[in-house]
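Undergrad: quick check, what structure comes out for this input:
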Amino acid sequence: MFLFAWQILFKTDFILLPFFVAIWVLLAIFYRNIKYKNTVLYKYFLPALCFRLLGALLTALMYQYYYGYGDTYYYFFASRDIYNALLNYPLAAYDMLFVDFYNWDFSTSTYVTFRRIFTRPPEALVIKIAGLFSIFGFGTYIGTSFILTVFSFLGCWGIYRVFYDLYPHLHKPLAFAILFLPSMCFWSTGIMKDSLVIAGLGFYVYGIYFGLIKKKKKLIRSVFFIILGVWLMKTIKIYVLISILPASIIWVIFMFNKRIKTPLLRKILGPFFLGLGSLGAYLTIQQLGTMYYEYTLEGFIKEAAKTQWWLKLSTERDGGSGYDFGVIEPTLRGLLNVFPKAVIVTLFRPFLWETSKMIVFPSAIESTFTLCLTFYVIIKVGVLRSLISILRDPVILFCMVFAIIFAFCIGFTAYNFGALARYKIPCMPFYFIAMILLLDKGKQKKNLLRINRNKGKS
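TA: Modelled structure (predicted):
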């Protein structure tokens, strides 16, 4: 509770705020003018970055003046320790950045505010990256936060580049789904795990598409992005990697099938490729389960139980709003029974009447919009036609497999609407992309039928 008396925002942050904004805007304009002049991408790059920086500022204000505590406090204090050490005690800074905590020189610990946080790899990586970036942010929260926010934005921009390349005529709805999604622009900013995970997810998707599927970009660069993305996701939030791997394996294999020019052969091999992709995804998850106990069935249930216990406790303590699935049988059957409930919670809740705090209200509005959009797609496209489109289109299948797997993992473990709003952001752009593509396919089919009818009349 002593953290209530501590600060992450000081006068220096507000004095330097215009300087940081000006620097990033000028850099963005310079990069945009060189890279995207005379393209559709030109008009989205700067507004999307500015919207993300605004989200970073609002997040910082929320943690300082509304919550008064949070993980970002610990990350900032520890990164500031690295910043001070880089300026005054280089050997200690070297230990903090590159040496395992248990092998530190004895004197290094004297320069650290919270030693225990360096013992946990996910938190330690956030701190180390933030500590390195803090040099360019002059040791301020806002300066360091903006750098991590830009890093996160570049990951999102990578995702947008992929889907714009696939569907250039959908540039506007895709921009709203990926670049201007309010929850993404708010929660994937600042000195938090989420900023780095979103960056990693974006780099991974970008590398997979341009390196393995399209093969039009430099292979070495694409492989670098894949490795960087896998490393960030594996170290910080491995369940994001667990969710994206099976989806991307199916995506890559299906895209190879789509390139078969003979329609009959493509139809014959379709089920084979679906089975091959599913088998590859299953074996990948199995292999990860042997490496990480918490991702076996038994381990997943035990870890979920721990997370649920802590979030229930914090929800009751802070007077937050949560949900409960009741008693869950710790078996595969038990997980399958709760599967649809968990997915629905992640994608469509909290409902508007479940918001007990104003801070959760924006999430409820977004969830309501997601629910309405889903019903709209079902009505316009139809359930059967939607399912057929998902199974036949590798891109839609990729988006839906990732979104559904991830939605289940988060819905099953969060048990708190405040935590849910932040945890679910990696899958939401992909779910919205799937809805956009289903609507587009339905529209194309109707236009084709209309053209055929007109030809018949003539």
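
Undergrad: got the domain boundaries for this structure?
TA: 2-187, 288-452 (automatic domain parsing).

Undergrad: mind putting those into TSV with distance to residue 252, mean pLDDT and mean neighbour count?
TA: (C-beta placed from N, C-alpha, C; glycine too.) Shown next, in TSV, are the domains of the chain (distance: least, C-beta to C-beta, whole Å; pLDDT from 0 to 100; neighbours: other C-beta atoms under 10 Å):
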stretch	distance to residue 252	mean pLDDT	mean neighbour count
domain 2-187	13	92	18
domain 288-452	8	78	17
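
Undergrad: residue 232: which of those is closest?
TA: Judged by C-beta to C-beta, the one of the domains of the chain that comes nearest to residue 232 is domain 2-187, at 7.8 Å.

Undergrad: what are the phi and psi values at residue 8?
TA: phi -110, psi -20 (degrees, to the nearest 10).

Undergrad: now it. Nearest residue, chain neighbours left out?
TA: Leaving aside its chain neighbours, residue 8 sits nearest to residue 141 (4.4 Å; criterion: C-beta to C-beta, 6 or more residues apart in numbering).

Undergrad: does residue 170 touch residue 439 like I think?
TA: No - counting by C-beta atoms under 8 Å, residue 170 stays clear of residue 439, with 9.4 Å between them.

Undergrad: list the contacts of the residue nearest to residue 8.
TA: Shown in contact with residue 141 (C-beta atoms under 8 Å, 6 or more residues apart in numbering): 8-10, 13, 60, 76, 191.

Undergrad: and residue 251, which of the domains of the chain is closest to it?
TA: Using C-beta to C-beta, the domains of the chain put domain 288-452 closest to residue 251, at 3.6 Å.

Undergrad: wait, which of the contacts of residue 141 is closest to residue 348?
TA: residue 60 (29.2 Å).

Undergrad: after the helix or strand where the closest one lies comes which helix or strand?
TA: Assessed by DSSP states H and E, residue 60 sits inside helix 42-62. Counting by DSSP H and E, the next helix or strand C-terminal to helix 42-62 is helix 71-88.

Undergrad: between that following helix and helix 42-62, how big is the angle?
TA: 100 degrees (axes from the mean of the first three to the mean of the last three C-alpha atoms, to 10 degrees).

Undergrad: helix 71-88 packs against which elements?
TA: helix 90-98, helix 121-133, helix 141-166 (3 or more C-beta pairs under 8 Å, 6 or more residues apart in numbering; DSSP states H and E).

Undergrad: residues contacting that helix, please?
TA: 3, 6, 8, 63, 92-93, 96-97, 111-114, 117-118, 123, 126-128, 130-135, 139, 141, 144, 190-193.

Undergrad: for stretch 10-23, same thing?
TA: By C-beta under 8 Å, 6+ apart, stretch 10-23 touches 53, 57, 60, 137-138, 140-143, 146.

Undergrad: switch the cut-off to 6 Å
TA: 140-143, 146 (C-beta atoms under 6 Å, 6 or more residues apart in numbering).

Undergrad: with stretch 113-126 instead?
TA: By C-beta under 6 Å, 6+ apart, stretch 113-126 touches 74-75, 77-78, 81, 101, 109, 193, 235-236.

Undergrad: ok, these vs residue 368, which is closest?
TA: Closest to residue 368, out of all of those and judged by C-beta to C-beta, is residue 193, at 27.1 Å.

Undergrad: which residues touch the nearest residue to that closest one once chain neighbours are set aside?
TA: Closest residue to residue 193 apart from its sequence neighbours, by C-beta to C-beta, 6+ apart: residue 236 at 5.1 Å. Shown in contact with residue 236 (C-beta under 6 Å, 6+ apart): 122, 125, 193, 196-197.

Undergrad: for the contacts of residue 141, please prepare JSON lines with the additional fields distance to residue 409.
TA: Output for these, formatted as JSON lines (distance: C-beta to C-beta, whole Å):
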{"residue": "8", "distance to residue 409": "30"}
{"residue": "9", "distance to residue 409": "33"}
{"residue": "10", "distance to residue 409": "38"}
{"residue": "13", "distance to residue 409": "35"}
{"residue": "60", "distance to residue 409": "28"}
{"residue": "76", "distance to residue 409": "28"}
{"residue": "191", "distance to residue 409": "24"}
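
Undergrad: among these, which two are most distant?
TA: 10 and 191, at 14.7 Å, using C-beta to C-beta across those.

Undergrad: so how far is residue 428 from the closest residue to residue 349 other than its chain neighbours?
TA: Nearest non-adjacent residue to residue 349, counting by C-beta to C-beta, 6+ apart: residue 367, 5.7 Å away. As judged by C-beta to C-beta, to the nearest Å, residue 367 and residue 428 stand 10 Å apart.

Undergrad: and residue 201, by the same measure?
TA: 12 Å.
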